[in-house]
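Colleague: Sequence first, then the predicted structure, then my questions.
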Amino acid sequence: MMNTLSPAATAPGTERPWDIGYEWKAVLILSLGFGLVGIDRFMIMPLFPVMMKDLGLTYQDLGHITGALAVAWGISALFMGNLSDRFGRRRVIVPALIVFSLLVGTSGLAAGAGSLILVRALMGFAEGAFTPPSIVATLEASKPTRHGLNLGLQQAALPFFGLGVAPILVTQLLRVVPWHWIFALVALPGFIVAYFTWRILRDGRAAGPALQAARRSQEESGHRWHHALRHRNIVLNMLGMLCWLTCLVVTSAMLPSYLMDHLHLDLLQMGYVLSALGFGATVGTVAMPALSDRIGRKPVAVLSVIGACICLALLLDTGADPTRLFGLIFGTAFFNFSVLCLTVGPLSAESVPAGLMSTASGLVVGVGEIFGGGIAPAVAGYVAQHFGIQYILHLGLAAMGLGLVVTLLLRETLPRANGTGG
């Protein structure tokens with residue numbers, strides 16, 4: 001039986017010797033899974049300038065392709081988070097890994113915008129099913145004093161592999177193989193990770209008597225997903241996710257074309273500059289949530305939003321200088337992913353009872369993806385197509401400015417900072 005308890009589930013006298021070996025194995029395998037999600041979701045961005053010419057696509061098509069995945073991701077997250085609260089994390093996580101690995105390979109068979117939108121939407125459903133239960137499984141496997149650190153490590157895998165490694169890897173592979181085969185190559189590791197996830201991960205439903213009792217109490221009292229909306233932070237976090245994902249999706253989806261078509265960088269320079277998104281996000285996702293374990297979630301969230309606004313404002317006036325571009329994009333991603341990780345993780349999970357943790361995370365991820373991740377790319381695509389791609393960064397800056405107001409209204413959730421157990 002799993003002996004890791006969330007802060008809300010841990011009661012005096014119920015603690016048992018901590019299984020730190022399982023903690024690190026679980027965090028590692030869940031991190032690898034989320035890293036694959038990152039590669040599958042974002043590898044199309046550096047490929048798009050090539051696919052655009054091959055398939056006759058437009059900036060508006062890119063917005064629709066990106067938006068379809070985000071909307072499907074969000075719809076899936078809304079419901080699958082609640083499903084994993086009822087039936088366990090592993091029963092949702094493992095099938096999701098298998099399905100999105102199959103679908104990413106299918107992306108290479110697309111013959112036009114319509115087929116790409118369909119395949120990417122289906123992939124979004126599988127990746128959305130993976131996300132909320134993987135977040136809460138990480139928290140359940142982690143000692144409460146390492147919640148911010150471990151969730152940061154797990155969440156950092158997505159930008160590290162998807163936005164850091166993938167642009168460099170993809171642009172190098174394009175020199176030796178057609179883009180169709182690149183999709184097939186990255187599908188294979190997913191099946192390996194799914195196997196080890198099934199072998200390693202312990203079901204959150206068996207997380208000890210205290211957590212079982214908390215969940216039985218939730219079920220017997222008729223709690224459903226909408227009960228998470230009674231908590232102020234959850235509503236604010238959903239609004240915040242609209243802002244963070246607008247910034248993320250607009251910059252990541254449109255940035256390759258911005259760098260090549262507006263600033264006239266070549267393919268290798270674009271891959272180098274774009275990798276700053278991944279590396280900045282990786283460092284920010286680990287460092288800032290870990291800092292929040294010490295000084296609180298809200299101060300770190302506010303600081304992160306201010307930092308992102310400053311970097312975006314400077315980026316607007318930066319020309320074709322790869323080194324300066326790398327630094328400012330690194331900073332933007334560092335702060336954007338910091339507040340994103342805090343929002344989907346501690347600021348949501350620590351705001352609700354144990355039996356609603358995955359449900360709350362699913363609501364926050366779902367609403368953010370549907371609106372921030374779904375509508376923003378379509379708007380950005382329209383702006384780029386009709387007014388010029390140089391204006392897309394203004395959308396990200398406006399979103400982060402609105403997000404600053406949201407973070408100032410949040411309630412602190414760090415247990416020792418607010419005097420509660422979570």
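Modeller: Structure's in. What do you need?

Colleague: Flag every buried residue along whichever strand or helix holds Val302.
Modeller: Using DSSP states H and E, Val302 falls within helix 297-315. Neighbour-count burial for helix 297-315 flags 297-298, 300-305, 307-312, 315 (criterion: 16 or more other C-beta atoms under 10 Å). Quick note: C-beta positions are derived from backbone N, CA and C, even for glycine.

Colleague: between the residues you listed, which is nearest Val273?
Modeller: The nearest member of the buried residues of helix 297-315 to Val273, counting by C-beta to C-beta, is Leu315 at 11.0 Å.

Colleague: List the residues that contact the closest residue to that closest one other than its chain neighbours.
Modeller: Nearest non-adjacent residue to Leu315, counting by C-beta to C-beta, 6 or more residues apart in numbering: Leu328, 4.5 Å away. Counting by C-beta atoms under 8 Å, 6 or more residues apart in numbering, Leu328 makes contact with Cys311, Leu314, Leu315, Thr318.

Colleague: SS state for the last one?
Modeller: Secondary structure, DSSP: H, G, I helix; E, B strand; the rest coil: Thr318 is coil.

Colleague: from what I can see it touches Ile329, true?
Modeller: No. Between Thr318 and Ile329 there is no contact under C-beta atoms under 8 Å: 9.3 Å.

Colleague: In terms of neighbours, single out the busier of those two.
Modeller: A direct count of neighbours by other C-beta atoms under 10 Å for Thr318 and Ile329 places Ile329 higher, at 28 against 14.

Colleague: got the contact list for the more buried one?
Modeller: Listed by C-beta under 8 Å, 6+ apart, the contact partners of Ile329 are Thr251, Leu255, Val273, Leu274, Ala276, Leu277, Gly280, Cys311, Leu315.

Colleague: Those, buried ones only, as a ChimeraX selection?
Modeller: Buried residues within these, by 16+ other C-beta under 10 Å, are selected in ChimeraX with:
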select :251,255,273,274,276,277,280,311,315
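
Colleague: helices and strands around the host helix or strand of Ile93, which ones?
Modeller: Element membership for Ile93, per DSSP H and E: helix 90-106. For helix 90-106, the packing partners by 3 or more C-beta pairs under 8 Å, 6 or more residues apart in numbering; DSSP states H and E come out as helix 20-42, helix 59-87, helix 113-141, helix 179-200.

Colleague: what would the ones you listed look like in a markdown table with mean pLDDT?
Modeller: Below are those laid out as a markdown table (pLDDT from 0 to 100):
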| stretch | mean pLDDT |
| --- | --- |
| helix 20-42 | 87 |
| helix 59-87 | 76 |
| helix 113-141 | 84 |
| helix 179-200 | 85 |
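
Colleague: among those, which is nearest Phe387?
Modeller: Across the helices and strands packed on helix 90-106, closest to Phe387 is helix 59-87 (C-beta to C-beta), at 10.7 Å.

Colleague: Not counting its neighbours along the chain, what's nearest Gly327?
Modeller: Leaving aside its chain neighbours, Gly327 sits nearest to Ala276 (7.4 Å; criterion: C-beta to C-beta, 6+ apart).

Colleague: What of Gly345?
Modeller: Spatial nearest neighbour of Gly345, chain neighbours left out: Leu151 (4.3 Å); criterion: C-beta to C-beta, 6+ apart.

Colleague: Hmm, Ala141 and the one you found touching each other?
Modeller: No. Leu151 lies out of contact with Ala141 (C-beta under 8 Å); the separation is 10.3 Å.

Colleague: neighbouring contacts of the strand or helix carrying Pro46?
Modeller: Using DSSP H and E, Pro46 sits within helix 44-55. Identification of contacts with helix 44-55 by C-beta under 8 Å, 6+ apart yields 57-58, 61-62, 65-66, 107, 110-113, 116, 120, 166-167, 170-171, 174, 179, 182, 252-253, 255-257, 260, 267, 270-271, 274.

Colleague: Stretch 244-252 too?
Modeller: Taking C-beta under 8 Å, 6+ apart as the rule, stretch 244-252 contacts 42, 45, 66, 70, 163, 277, 308, 312, 329, 332-333, 336-337, 339-340, 343, 368-369, 372-373, 376-377, 380, 392-393, 395-396, 399-400, 403.

Colleague: Let's see that with 6 Å instead.
Modeller: 45, 277, 336, 339-340, 368, 372-373, 376-377, 380, 392, 395-396, 399-400 (C-beta atoms under 6 Å, 6 or more residues apart in numbering).

Colleague: Let me have the contacts of Ile329 in TSV, extended by secondary structure and distance to Gly124.
Modeller: Formatted as TSV, those follow (DSSP: H, G, I helix; E, B strand; the rest coil; distance: C-beta to C-beta, whole Å):
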residue	secondary structure	distance to Gly124
Thr251	helix	19
Leu255	helix	20
Val273	helix	26
Leu274	helix	21
Ala276	helix	25
Leu277	helix	20
Gly280	helix	24
Cys311	helix	28
Leu315	helix	28
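
Colleague: of the contacts of Ile329, closest to Gly21?
Modeller: Gly280 (31.6 Å).

Colleague: gap between the closest one and Leu408?
Modeller: Gly280 sits 24 Å away from Leu408, going by C-beta to C-beta, to the nearest Å.
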